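> Please work out how this folds:
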Amino acid sequence: MYDVDDKDAVVPLNDVPQSSVGAPIPCVLAEERTVVVAYYLQNSPPGWNGRTVRLVSATSDGEPVALVRFAHCYAHMFGPPNDEAFSGHPLADRGLRPYGAFEIVNSSWIRKLERMNSVHPYHQPAKFRELHHYALTFHDSTFECVCRELSITTTRGSIESVTPQMIELLGWNVSRS
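Numbers count the residues shown, from 1 in each chain. A predicted model of the protein is given here:
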């Protein structure tokens, strides 16, 4: 994790689709410079009154799914905190909250990464000014990424069934037999 200072500001990303607040089942697929996160979207079927539990799994078909591609990644992490321990996140008192998508402006994490890299003989501080710190917060986990850009697509299926699309979003050629 990283320590924050008085410069970090959390900005909600309203264009990123709302994850399911019950079971988003996020899946992260990464290679060195690209990361793709798939998750179920908040979905209330017609006629559902909220009084029954709706169970989904990674193989539940026909669900709305978001695919978020983080390009030109420098670093990412996936894991705690979950929604019940979220107040322990260093940005919780700045507005980072569960079940959302955010950009952290003036990120301490990016500044820390830049300082770590400053020992490199060809260090270029300007490259770090091109980076963004994004956070996707889910029911049981949090994903954070430092990258140049993100893009979003939505589809329907299961987390399992969108895996080939995730691989393609990594930029890999997938031959289908």
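> mind checking which helix or strand the most centrally placed residue in the chain is in?
Centroid check for the chain by Cα atoms, centre = their mean gives residue 136 as the closest residue, at 3.8 Å. Using DSSP states H and E, residue 136 sits within strand 132-137.
> Tell me where this structure has strands.
Under the criterion DSSP state E, strands of the chain are mapped to 9-12, 27-30, 34-40, 63-71, 75-79, 100-105, 132-137, 142-147, 149-157.
> Save those as a markdown table, and put in distance to residue 164 and mean pLDDT too.
For glycine as for every other residue, the C-beta is placed from the backbone atoms N, C-alpha and C. Below are these laid out as a markdown table (distance: least, Cβ to Cβ, whole Å; pLDDT from 0 to 100):
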| stretch | distance to residue 164 | mean pLDDT |
| --- | --- | --- |
| strand 9-12 | 31 | 98 |
| strand 27-30 | 11 | 98 |
| strand 34-40 | 11 | 97 |
| strand 63-71 | 11 | 97 |
| strand 75-79 | 21 | 97 |
| strand 100-105 | 24 | 98 |
| strand 132-137 | 21 | 98 |
| strand 142-147 | 21 | 98 |
| strand 149-157 | 10 | 97 |
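> For stretch 96-106, which outside residues touch it?
7-13, 16, 18-19, 21, 82-83, 86, 89, 91, 95, 132-139 (Cβ atoms under 8 Å, 6 or more residues apart in numbering).
> Now do the contacts for residue 173.
Per Cβ under 8 Å, 6+ apart, neighbours of residue 173: none.
> Please identify the residue most distant from the middle of the chain.
No residue in the chain sits farther from the centre than residue 121, which is 31.8 Å out by Cα atoms, centre = their mean.
> what's the burial count for the closest residue to the residue nearest to the centre of the chain other than its chain neighbours?
Counting by Cβ to Cβ, 6 or more residues apart in numbering, residue 143 is the residue found nearest to residue 136 once chain neighbours are left out, at 4.5 Å. When neighbours are counted by other Cβ atoms under 10 Å, residue 143 registers 21.
> Check residue 12 too.
13.
> same check, this time on the one 5 residues further on
Using other Cβ under 10 Å, the number of residues around residue 17 comes to 17.
> In space, what's closest to it - neighbours in sequence excluded?
Nearest residue to residue 17, sequence neighbours excluded (Cβ to Cβ, 6+ apart): residue 66, at 4.6 Å.
> Residue 63 now?
residue 40 is the one closest to residue 63 (Cβ to Cβ, 6+ apart), at 5.2 Å.
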